[in-house]
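1. Next one to model:
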Amino acid sequence: ELAARRGALRGDVERIEEKIVRASELRQKKEALDANGALLKTLADHLRANELVAWIQEEALRRLAEDGSHHLAALSQGRYALRLGSSDVTATGSRAEQDFFVVDRWNADGVRSVKTLSGGETFLASLALALALAESLARLSAGGRAVEALDSLFLDEGFGSLDGETLDTVVAALDELHGGQRLVGIVTHVRDLAERMPARLEVRREGTTAVATVV
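-> Presented below is the predicted three-dimensional model:
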């Protein structure tokens, strides 16, 4: 009778052990499903109404600001960096403001609006963003297709507010951007800048007629 009872108890133990293993497997499966559910909820929030478009736009602008910062640091002798929004959204996890700000390295890393920059500084910031866009357009586009690369860039004025040293820095940056692979066109009244271009089209007025000369 005891032997029969012991055999029955051994069978109970084996079944319990199997259920413990099964419970462990189900617990791991539940954790995986919970993680996947959290991801799907996040995606559902982004896909709601215009959330997806806003998220893509914000991500593109943030990358553009990061790439532009490298150019602006060189153009401003290490003084300025660009940021999307006035706060560090990577730390807070909140959505960034849809506006550019500058970080002033020469002023205790103070953050201020790009609207506070001088005319020459504003031109440098705009040029930095243009250079970043020219280099990263294919990466920012869907699929990063090479056919969507920016093969030409035209800058219309803005050079008159630059001093001689800054003008040299800008010309060096444009030379690097050109690199023999991209057409860079400049519209300017600054004679010193025009004469440093490898090819130029001079337009002058003769009476009521505009005459263009290839130089």
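2. longest helix in the chain, by residue count?
-> Across the chain, the helix with the greatest residue count (assigned by DSSP state H) is helix 2-47.
3. for the following helix or strand past that one, which positions count as buried?
-> Proceeding N to C from helix 2-47, the next assigned helix or strand is helix 51-75, under DSSP states H and E. Applying a neighbour-count criterion of 16 or more other CB atoms under 10 Å, one finds 58, 60-62, 64-65, 67-69, 71-75 buried in helix 51-75. In short, each C-beta sits where N, CA and C put it, glycine included.
4. pLDDT and distance to Thr188 added to those, as TSV?
-> Conversion of the buried residues of helix 51-75 to TSV gives the following (pLDDT from 0 to 100; distance: CB to CB, whole Å):
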residue	pLDDT	distance to Thr188
Glu58	82	34
Ala60	84	30
Leu61	87	29
Arg62	88	32
Leu64	88	25
Ala65	90	27
Asp67	89	25
Gly68	90	22
Ser69	92	26
His71	86	20
Leu72	89	21
Ala73	89	24
Ala74	84	21
Leu75	82	17
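5. So the closest residue to Leu174 other than its chain neighbours versus Ala4, what's the distance?
-> Counting by CB to CB, 6 or more residues apart in numbering, Leu174 lies nearest to Val184, which is 5.6 Å off, once chain neighbours are set aside. In this view, Val184 and Ala4 are 95 Å apart by CB to CB, to the nearest Å.
6. The two: who's more crowded?
-> Val184 (15 against 8; other CB atoms under 10 Å).
7. contact partners of the helix or strand that contains the more buried one?
-> Assigned by DSSP H and E, Val184 belongs to strand 183-187. Defining contact as CB atoms under 8 Å, 6 or more residues apart in numbering, one finds that strand 183-187 is touched by 151-157, 159, 174, 177-178, 193-194, 197.
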